[in-house]
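Visitor: turn this into a structure:
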Amino acid sequence: MPGKGQRQRPALNICPEDQRRFSCPQPSNVSPASSGSYAAARDLFQAIADAHVAHDSYGPWHPGTLAARQHHAYWTGKAGDATAARDQYAALVPACERILGPEAPTSLAARYGLARWSGTAGNAAGARDQFAALLPVRERVSGPEHPDTLNVRHSLAYWIGEAGDAAAARDQYAALLPVRERVLGAEHRDGLITRGNLARYTGKAGDAAAARDQYAALLPVRERVLGPEHPDALAARHSLAYWTGEAGDAAAARDQFTALLPVRERVLGPEHPDTLITRADLARSTGEAGDAAAARDQLTALLPAHERIHGAGHPCTLDTRYDLARWTGEAGDAAAARDQLAALLLVNERIHGAGHPRTLHTGRELTRWTRREPPADLTPAG
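Guide: Numbers count the residues shown, from 1 in each chain. Prediction:
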């Protein structure tokens, strides 16, 4: 996982400013650690929202109900349903703006959630545009260096990068980092996340060696500040391995992924999405270091886990199918690679359409492996 966007949890209660305005009682504090899982937090806030709607003193438009609905939307996304989270926030934004006002903190938090989950649901350009519209409002309401404003700047940079402009994302993170470090402190977690994303988009903008070096400098800081097995520290280890490979040292990347994998399995679980990404990148670097058969076998074992955890149409599953076809071919079976890519092409056409870059790339690879297949024996019998 080369990097992630700002991982901002909403306040688990209605914003204090709005609570004071409406004398709104607070729902209980909830986190995955206390509730057992993201899904449990989602279900608890659904129950809170339902109870508020049914209560004579609340009803569907009471600020406390809107707060519970917002937390339910957030945990719905964290539980894996970004589309549902996006749709819930889309319904919440006009309700919050009507009841609380368009510049109330809770309304701005709802707009943040709508932009975030719009991007996570697949619309990076839409998320970019929503964050671009939100930023000047946040700057005017909260101030240009308020942490919430800096969160919006961070997320805007992230979705600019995800929408395809890695160089612009890199430049925005480079401008944001000294502000965050001055406002929050040089080793605040949010600043460390910005450093990670600056490194990521430096690499995606074409400078893999610089990305590798930035992650190499970031990793010991995250380990010291957060602990060596904190998820952010493990993410930095993964990214360091990734950009080490992208900078040309596949064997070193393979060895770093090999050392990281058992730690992620123990800390996060063997089927956590981040663990599965490490397995995928370990297979890829193994192949690029010269062992195509081992890469093929690792991907063969990985694919059912992706299908079970993410579903057959998830991008990670499709990427694994593509990599499996590639390394099957590189291991010497061009015909099997051709057949796997032909099946994958149909899936990409159905999910993304014939003109999508993923579909077009799969078609080109299918042509390549079809041409590499040994010709049939045309020697007459007898």
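Visitor: C-alpha from now on. contacts and neighbour counts both.
Guide: OK.
Visitor: poorly predicted segments of the protein, please.
Guide: 1-36, 374-382 (pLDDT under 70).
Visitor: one more pass at 90, please.
Guide: Scanning the chain for pLDDT under 90 picks out 1-41, 49-64, 78-80, 122, 309-310, 314-315, 352, 372-382.
Visitor: what separates stretch 89-102 from the chain centre, distance-wise?
Guide: On the basis of Cα atoms, centre = their mean, to the nearest Å, stretch 89-102 sits 26 Å off its chain's mean C-alpha point.
Visitor: buried stuff in it?
Guide: Within stretch 89-102, the residues that count as buried by 16 or more other Cα atoms under 10 Å are 89-90, 92-97, 100, 102.
Visitor: tabulate those residues (JSON lines), appending distance to Ile193.
Guide: Converted to JSON lines, these look like this (distance: Cα to Cα, whole Å):
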{"residue": "Tyr89", "distance to Ile193": "25"}
{"residue": "Ala90", "distance to Ile193": "27"}
{"residue": "Leu92", "distance to Ile193": "28"}
{"residue": "Val93", "distance to Ile193": "27"}
{"residue": "Pro94", "distance to Ile193": "31"}
{"residue": "Ala95", "distance to Ile193": "32"}
{"residue": "Cys96", "distance to Ile193": "30"}
{"residue": "Glu97", "distance to Ile193": "31"}
{"residue": "Leu100", "distance to Ile193": "32"}
{"residue": "Pro102", "distance to Ile193": "29"}
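Visitor: Ala301: which of these is nearest?
Guide: Within the buried residues of stretch 89-102, the smallest distance to Ala301 is 37.7 Å, found for Tyr89 (Cα to Cα).
Visitor: next, count neighbours for the closest residue to the closest one other than its chain neighbours.
Guide: Counting by Cα to Cα, 6 or more residues apart in numbering, the nearest residue to Tyr89 once its immediate chain neighbours are dropped is Leu114, at 5.0 Å. For Leu114, the count of nearby residues is 26 (other Cα atoms under 10 Å).
Visitor: show me the contacts for Leu114.
Guide: Contact analysis of Leu114 by Cα atoms under 8 Å, 6 or more residues apart in numbering lists 85-87, 89-90, 93.
Visitor: which SS class is it?
Guide: Following DSSP: H, G, I helix; E, B strand; the rest coil, we place Leu114 in the helix state.
Visitor: if I look at it, how far off is Ala121?
Guide: As judged by Cα to Cα, to the nearest Å, Leu114 and Ala121 stand 10 Å apart.
Visitor: any shared contact partners between the two?
Guide: Common neighbours of Leu114 and Ala121, counting by Cα under 8 Å, 6+ apart, are Arg86.
Visitor: tell me where the stretch 151-300 of the chain has helices.
Guide: According to DSSP state H, counting those that start in this stretch, the stretch 151-300 of the chain carries its helices in the segments 166-184, 189-204, 208-226, 231-246, 250-268, 273-288, 292-310.
Visitor: the second one - contacts with which helices or strands?
Guide: I take that to be helix 189-204. With contacts taken as 3 or more Cα pairs under 8 Å, 6 or more residues apart in numbering; DSSP states H and E, helix 189-204 sits against helix 147-162, helix 166-184, helix 208-226, helix 231-246.
Visitor: I'd like to know how many residues surround the closest residue to Arg180 other than its chain neighbours.
Guide: Nearest residue to Arg180 in three dimensions, chain neighbours excluded: Gly191, at 5.7 Å (Cα to Cα, 6+ apart). Gly191 has 22 neighbouring residues, counting by other Cα under 10 Å.
Visitor: right, and Gly191 touches Val183 too?
Guide: No: with contact defined as Cα atoms under 8 Å, Gly191 does not reach Val183; the gap is 9.5 Å.
Visitor: give me phi/psi at Pro102?
Guide: The phi and psi values for Pro102, taken as degrees, to the nearest 10, are phi -70, psi -20.
Visitor: and it, how far from Ala95?
Guide: According to Cα to Cα, Pro102 stands 10 Å off from Ala95.
Visitor: mind checking how far stretch 200-209 is from the chain centre?
Guide: 18 Å.
Visitor: can I get the helices and strands packed on helix 189-204 in CSV including mean neighbour count?
Guide: Converted to CSV, the helices and strands packed on helix 189-204 look like this (neighbours: other Cα atoms under 10 Å):
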stretch, mean neighbour count
helix 147-162, 24
helix 166-184, 19
helix 208-226, 19
helix 231-246, 25
